[in-house]
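Undergrad: Here you go, sequence then predicted model.
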Amino acid sequence: MADHIRRELSRKTFEAEKFVNNLSSEGVEDDLIVMRKKVQSLADETSLALKKNVYKNYIQFIDTAKEISILEGEMYQLNQMLSEQKGVMNTMMEMSLTSDAVEVGADKNKDKPHIEDDTRKNLAFVLEKVQGCSSVTEVPGRHLIHNGDLVELDPETYIQIQRVHAFLLNDSLMIASWLPHRRGPVRYKFQALYELDSLAVVNIRDSGPVKHAFKILMFPDSKMYQTDSPKERRQWIDVLENTKRQKTAHDTQKRESALVLQKQQSFFDPTNPFGEEEEQIEIPADAESDVFLSVSWLQDCPEDLDVCIAQRDFEGAVDIIERIDEHLRDSPASPAIKEYRVRIDHRIKQLTEALTNELQVSPERSLRGGPRGARKAVTQLIRLGKSSQACELFLANKSAIIKYNIRQLKFEGSTALYIKKLSHMFFATLMDTGKEFMKAFTEHFACFSAFIIWAKTELESFSGIFLRQVFASKMSLSTIAECVHVVRQQCSKLGEIGLELSFELNNKLFKDVEKAIKDSRDQIEDAIKIRFKDETWRPLNLHSKQEICNFVKDTKDASGLDLSKLIYDECYLSLTSNTIQFSKSFISFVEDLMKLHIGEMHDLISDSIVAVFKAQISQVEHALKIKKYIRDVSDTSVFSYSSSFIILYTIVKHFFQHHFILKNAKYLLENVTTLAVQYYQEKLGEPFKPFLLIQQSDFKRLKKISEKVGAMV
């Protein structure tokens, strides 16, 4: 049915009124509604197909418009050549053999001062009204042809975007946006400059809300503008086309003049005595510059740059720019050269913006390219002489990658595991960035200071995250030590690229680590006091041989303490549970402090180890002195109701109890301190002298106290 309607509407003899009468004569409302939907659907399909064809042939349309413009210029050029030849013939017929050639050219330039004055007035008007257009008005020979207010529309939705003011110059079209609530002569702000060679003007048929509009095609973009009346639209289209034709003809004439000059210079013979009169012929001031610009490949460079930028061939575009700079390096500072350089500078600006967009971060762009993904854009910016801008954008891109990777990390319950992943990701990215930076900015040493500052700033951000995760959540000293140790290890790897940030990292963590050590020391000392309140000084009983074997094995695996020689009666250890628990916690405390050790904390760590150990020894010494463990044999109740056997038992029990306390003290002073000194020496490469003094003096002192107390029984 849809094909039938399509064929019916496509017939050349189709009459809309007759078609509607036939449908309405049937008088069925449902059929009319269905037919209306089908016609509307067919209209939508047709509109979509037209749009696709327009987009498909967009580039061909632009190329065709350019070819038409070139053909018009050639026809105009041919007309000019015929007129010039006719004028030359008339001049040769009227000119005498003794006439002065200089006087012939004098009349031609008689009105030049007036033209230059008008040009300066026009450019002064533009400079006075438009903010930020000084580079536009500096081009010699450029003047204003037409200007007026326009409304910019969206080419897709036809929605008004903004009010603009267009200035048509003899070689380009400048668009300026309105400045609202602005006092003074400045009314507009420079927005864009489009060269006439690279644009085409298309008339837009009035339809719906779009009226009095025309479109300007600039490969690969397009702009739509709306005027106030059809007359104004026609005026803009005509003046744009006429200006393009004039510019094309002017450029062609300049190229031909340059070719003629080249031929004259190639045939000039300095030994010819009759060449003096020829030297008196007036040569244009910019003739030498026309020689530089007459090269065929140089004329196509602006269009080639547009194509490279559109195809994202940035390396090819920079190659063209370098070739142009090399060719024009020794060219004179003539108006023609300046005008050509302005055209190239406009393309360089577009290329810089494209390269900048490659390095900028946006939500829709992927950040998984890694540090190598931005090297190409950075390399091209450096070749364009934008090393500082390239450095800034490169580092900003890497900052965004780091933030993105941090957000992708998931906290899975274990702080140590999260910190391990976080530090590995951060410092690996920092190292890769450093390597890529040194490759990209090898000869730009001034940029390395920017990299150091950036690395320091990123480390500050990382330190903030680390401190919140580790210290703000009241973690144990073992977890804190493990996290700090991992971060320091990862940070030290930056030395492979010559970047040393360990001092900066330790400086950020110093206060929190110091507080964690002091808090842990105080907690252990408080725990020692609490445990000694309930101490009974009895050997540890594990009730079975299997249990005691497992306990000894677990203790050795966890802390390195060997308890196998202290086993007796298969299930007993000749140490109290208090002594074993302190030994395990003390060795763990020493191991954690060794992980946290740096030169600035050496005194704090040494003093903390000694303080904790002496707190335990002082409690042992106190246990030997207090009367709780001394049986008063002078009690009358003992002599009243006990025999001499009970007195002997009390004395023997007292003796063995003091011997057991000394055995625990000896284990602490010999085995535990030896293992602690071993960990200390492995980390720092030197013995722990305070423990050596403790081993030599404290046990003797405790033994004397025991003997003195035993003599009181």
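TA: That came through fine. Residues are numbered from 1 along each chain as shown.

Undergrad: For the stretch 1-150 of the chain, just list every one of the helices.
TA: With DSSP state H, counting those that start in this stretch as the criterion, the stretch 1-150 of the chain has helices at 2-10, 16-25, 29-56, 58-94, 101-108, 112-129, 134-137.

Undergrad: Lowest mean pLDDT across the ones you listed, which one is that?
TA: Ranked by mean pLDDT, the helices of the stretch 1-150 of the chain end with helix 101-108 in last place, scoring a mean of 39.

Undergrad: Lys244 and Ser69 touch, don't they?
TA: Yes - contact criterion C-beta atoms under 8 Å: Lys244 and Ser69 qualify, at 5.8 Å. (Glycine included, C-beta is placed from N, CA and C.)

Undergrad: list the helices and strands the host helix or strand of Gln546 packs on?
TA: With secondary structure defined by DSSP states H and E, Gln546 is part of helix 545-559. Judged by 3 or more C-beta pairs under 8 Å, 6 or more residues apart in numbering; DSSP states H and E, the packing partners of helix 545-559 are strand 572-573, helix 577-596.

Undergrad: quick one, helices of the stretch 401-550 of the chain?
TA: 415-440, 448-470, 477-492, 502-533, 545-559.

Undergrad: again, but for the stretch 251-400 of the chain
TA: Counting by DSSP H, counting those that start in this stretch, the helices of the stretch 251-400 of the chain are 276-279, 287-293, 296-299, 301-310, 314-327, 335-359, 375-383, 387-408.

Undergrad: Check which helices and strands the fifth one sits against.
TA: By that I understand helix 314-327. If contacts are counted by 3+ C-beta pairs under 8 Å, 6+ apart, helix 314-327 sits against helix 301-310, helix 335-359, helix 375-383.

Undergrad: Now do the same for the most centrally placed residue in the chain: its pLDDT.
TA: Nearest to the geometric centre of the chain sits Asn397, at 1.0 Å (C-alpha atoms, centre = their mean). pLDDT recorded at Asn397 is 86.

Undergrad: cool, Ser362 as well?
TA: For Ser362, the predicted pLDDT is 61.

Undergrad: And the contacts of the following helix or strand past the helix holding Gln546?
TA: Next helix or strand after helix 545-559 toward the C-terminus (DSSP H and E): strand 567-568. Residues outside strand 567-568 that contact it (C-beta atoms under 8 Å, 6 or more residues apart in numbering) are Ile548, Val552, Leu573, Ser574.

Undergrad: how near is the closest residue to the second one other than its chain neighbours to Leu662?
TA: Put plainly, it is Val552. Among residues not flanking Val552 along the chain, Leu563 sits closest, at 4.8 Å (C-beta to C-beta, 6 or more residues apart in numbering). Going from Leu563 to Leu662 by C-beta to C-beta, to the nearest Å gives 18 Å.

Undergrad: cool, and Gln311?
TA: 89 Å.

Undergrad: For those two, indicate the residue with more neighbours.
TA: Leu662 (18 against 11; other C-beta atoms under 10 Å).

Undergrad: where does the more buried one land in three-state SS?
TA: helix (DSSP: H, G, I helix; E, B strand; the rest coil).

Undergrad: Need the per-residue pLDDT for it.
TA: Reading off the model, Leu662 has pLDDT 81.

Undergrad: again with the one 3 residues further on
TA: Each residue has a pLDDT score; the one for Ala665 is 82.
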